[in-house]
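Asks: starting from these lines, generate the structure:
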Amino acid sequence: MATRTARTAWSGTLNEGSGQVELSSSGTGTFDVSFPRRTADQAEGVTSPEELIAAAHTSCFAMQFSGLLGKAGGTPEQVEVTADVTVTPVSGGLQISKIALKVRGYASGVDEATFRKTAEEAKDTCPVSVALKNVPEMTLDVEYEG
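Replies: Presented below is the predicted three-dimensional model:
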């Protein structure tokens, strides 16, 4: 199996410093990071660990869901997954306190009940969900558009 690598270069203090995250394995991008932007209401073009986790989670979920739908006899026709990752202050720092996954779409060959059941299974079994199992709250909202 493959190993993937990312790298962050940081300079300065936590509150005045900044950094860049590089997706090293794929070479697909370098993204600015900043602690004040991490916790602000508006990101203003700067990403955060939580946004990167949301991206990882949605792509992992979509792949797992697609595979599980196939095993259930379905073919994903249109599926869109979003993740809202909430960070809150705790004693000594920050904590990811909630991940709200949303899946919208439809698949041929399965009914709504199977679509929903398979989405729950994907939430529980995708490798990113498993890695994030200690997040206090992880929810899933499913909208079947079939």
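
Asks: how far out from the middle of the chain is stretch 18-36?
Replies: 16 Å (C-alpha atoms, centre = their mean, to the nearest Å).

Asks: contacts for that stretch, please.
Replies: 2-12, 14-15, 17, 45-49, 52 (C-beta atoms under 8 Å, 6 or more residues apart in numbering). C-beta coordinates here come from the backbone N, C-alpha and C atoms, glycine included.

Asks: all strands of the protein, in order?
Replies: Applying DSSP state E to the chain gives strands spanning 7-11, 18-22, 30-33, 75-90, 93-108, 137-144.

Asks: could you dump those strands to CSV with distance to His57, mean neighbour count and mean pLDDT?
Replies: Formatted as CSV, these follow (distance: least, C-beta to C-beta, whole Å; neighbours: other C-beta atoms under 10 Å; pLDDT from 0 to 100):
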stretch, distance to His57, mean neighbour count, mean pLDDT
strand 7-11, 19, 12, 97
strand 18-22, 16, 16, 97
strand 30-33, 17, 16, 96
strand 75-90, 5, 15, 96
strand 93-108, 7, 17, 97
strand 137-144, 9, 14, 98
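
Asks: would you mind giving these as TSV with distance to Ala62 added?
Replies: Shown next, in TSV, are the strands of the chain (distance: least, C-beta to C-beta, whole Å):
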stretch	distance to Ala62
strand 7-11	25
strand 18-22	22
strand 30-33	21
strand 75-90	5
strand 93-108	8
strand 137-144	13
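
Asks: follow-up on the earlier one: please produce a PyMOL select command covering the buried subset of the contacts of stretch 18-36.
Replies: This is the PyMOL syntax for the buried subset of the contacts of stretch 18-36, where burial follows 16 or more other C-beta atoms under 10 Å:
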select buried, resi 46+47+48+52
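
Asks: which strands or helices does the longest helix anywhere in the chain pack on?
Replies: Scanning the chain for the helix with the most residues, using DSSP state H, yields helix 49-71. If contacts are counted by 3 or more C-beta pairs under 8 Å, 6 or more residues apart in numbering; DSSP states H and E, helix 49-71 sits against strand 75-90, strand 93-108, helix 112-125, helix 127-131.

Asks: any chance of these in a markdown table, with distance to Arg38 too?
Replies: Below are these laid out as a markdown table (distance: least, C-beta to C-beta, whole Å):
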| stretch | distance to Arg38 |
| --- | --- |
| strand 75-90 | 7 |
| strand 93-108 | 8 |
| helix 112-125 | 25 |
| helix 127-131 | 20 |
